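Trainee: Any chance you could fold what I've pasted below:
(2 chains)
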Amino acid sequence: MEIGTEEIVVPDTVEELLGDTEAQTDVPWIVLVWDDPINLMDYVTYVFQKLFGYSRAKARHLMLQVHNEGKAVVSSGTRERCENDVARLHAHGLWATMQHDR
Amino acid sequence: VSRRETVARRGDAVVLTLVPAEVQVLQWVFADLGRMLSGESAVDSVTKRLFPRAFLDPTAEEAEAQWQEMVHDELAELRITALTDVLQSLDDAKERPGRDGAREIVLEPERAERWLTVLNDARLAVGTALDVTPEWDFAELDPDEPSYELHAVYAWMTELQSALVNAVAG
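Mentor: Numbering: from 1, shown residues only, chains lettered A, B, ... in the order given. Presented below is the predicted three-dimensional model:
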């Protein structure tokens, strides 16, 4: 950004004043699970049900998406929530990653 | 010859019935997994599979490094704790009266879930070391191949896990 073309914005909330901008906290994140040749289809379904409380039908649908398309979005939300989900998925041996939802 | 059911439900519990040779195989595979988790005998590809990246974006190296810093030790500890418990349940397994000397291991729901994740970790370790692909088929392997026995162990653990997940998930 060139100096001089920048608009001066007066912060009108405490959060903005402290620099905790909405852009940092509110950009949604997504958690992806990737296909691998070792995890069993029934096990992956079970893990989705256990960790996310999904119905068997929804968990199975997501598992099939992972299996057929190579990956599936299994959860989304704040960075903290996604970090927590990725950690729990890794603890169960699933290959999960997180990224901005763009 | 009686048909032996390896995994069965008994109320809320899951009952494993293993012959001594099967107990030995699991003790051996799990002990090996423990050495990998504690970093005593780490194999790079296996470590990467058990503790994969959380950020795929190659420009997210800083976030990835922070992530590993934040969770690696905790995840390793969690796995080692579960593994220790599972090894304990194998040690505790009482001889069940029967001509084949089979051992019966009764797993309460929480312990059954720990067994599932530990068995899965062991399959990830062995399967990654064997470089298992989606086309992997034990029936098509040449018995003369040097790692044939380990493939047989992997195939058996796969069957066991499949039965266990169905018993746990109901």
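
Trainee: where along chain A do the helices fall?
Mentor: A:14-17, A:22-26, A:41-52, A:56-69, A:79-91 (DSSP state H).

Trainee: can you count the residues close to residue B:92?
Mentor: Applying other CB atoms under 10 Å in any protein chain shown, we find 10 residues neighbouring residue B:92. Heads up, the C-betas are built off the backbone N, CA and C, glycines and all.

Trainee: Not counting sequence-adjacent ones, nearest residue to residue B:78?
Mentor: Once flanking residues are discounted, residue B:78 sits nearest to residue A:91: 5.7 Å by CB to CB, 6 or more residues apart in numbering or on different chains.

Trainee: Tell me if I'm right that residue B:30 and residue B:86 touch.
Mentor: Yes. In this structure, residue B:30 is within contact of residue B:86 by CB atoms under 8 Å, at 6.4 Å.

Trainee: Compare those two (neighbour count), which wins?
Mentor: Legend: neighbour count by other CB under 10 Å for residue B:30 and residue B:86, higher for residue B:86 (25 against 20).

Trainee: now the helix or strand the more buried one falls within: how far from the chain's centre is it?
Mentor: Secondary structure assigned from DSSP states H and E places residue B:86 in helix B:61-92. The chain centre lies 14 Å from the centre of helix B:61-92; the measure is CA atoms, centre = their mean, to the nearest Å.

Trainee: hmm, back to that, mutual contacts of residue B:30 and residue B:86, please.
Mentor: residue B:118 (CB atoms under 8 Å, 6 or more residues apart in numbering or on different chains).

Trainee: Ranking the helices of chain A by mean neighbour count, which comes first?
Mentor: The highest mean neighbour count among these, using mean count of other CB atoms under 10 Å in any protein chain shown, belongs to helix A:41-52: a mean of 21.

Trainee: Just put the helices of chain A in a markdown table and tack on mean pLDDT and distance to residue B:21.
Mentor: Shown next, in a markdown table, are these (pLDDT from 0 to 100; distance: least, CB to CB, whole Å):
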| stretch | mean pLDDT | distance to residue B:21 |
| --- | --- | --- |
| helix A:14-17 | 44 | 63 |
| helix A:22-26 | 54 | 56 |
| helix A:41-52 | 97 | 25 |
| helix A:56-69 | 98 | 33 |
| helix A:79-91 | 96 | 30 |
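
Trainee: For stretch B:11-25, list the C-alpha coordinates in CSV.
Mentor: Once non-C-alpha atoms are left out, stretch B:11-25 reads as follows in CSV (Å, rounded to 0.1, in the frame of the first residue of the first chain):
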residue,chain,number,x,y,z
GLY,B,11,-23.3,-56.1,27.1
ASP,B,12,-21.3,-52.9,26.9
ALA,B,13,-18.0,-54.6,26.9
VAL,B,14,-16.1,-56.0,23.9
VAL,B,15,-14.4,-59.4,24.4
LEU,B,16,-11.2,-60.3,22.6
THR,B,17,-10.3,-63.9,22.4
LEU,B,18,-6.7,-64.4,21.4
VAL,B,19,-4.4,-67.4,21.2
PRO,B,20,-1.0,-67.0,22.8
ALA,B,21,0.7,-66.5,19.4
GLU,B,22,-1.6,-63.6,18.6
VAL,B,23,-1.0,-62.0,22.0
GLN,B,24,2.8,-62.3,21.3
VAL,B,25,2.4,-60.7,17.9
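
Trainee: Perfect, I'm done here.
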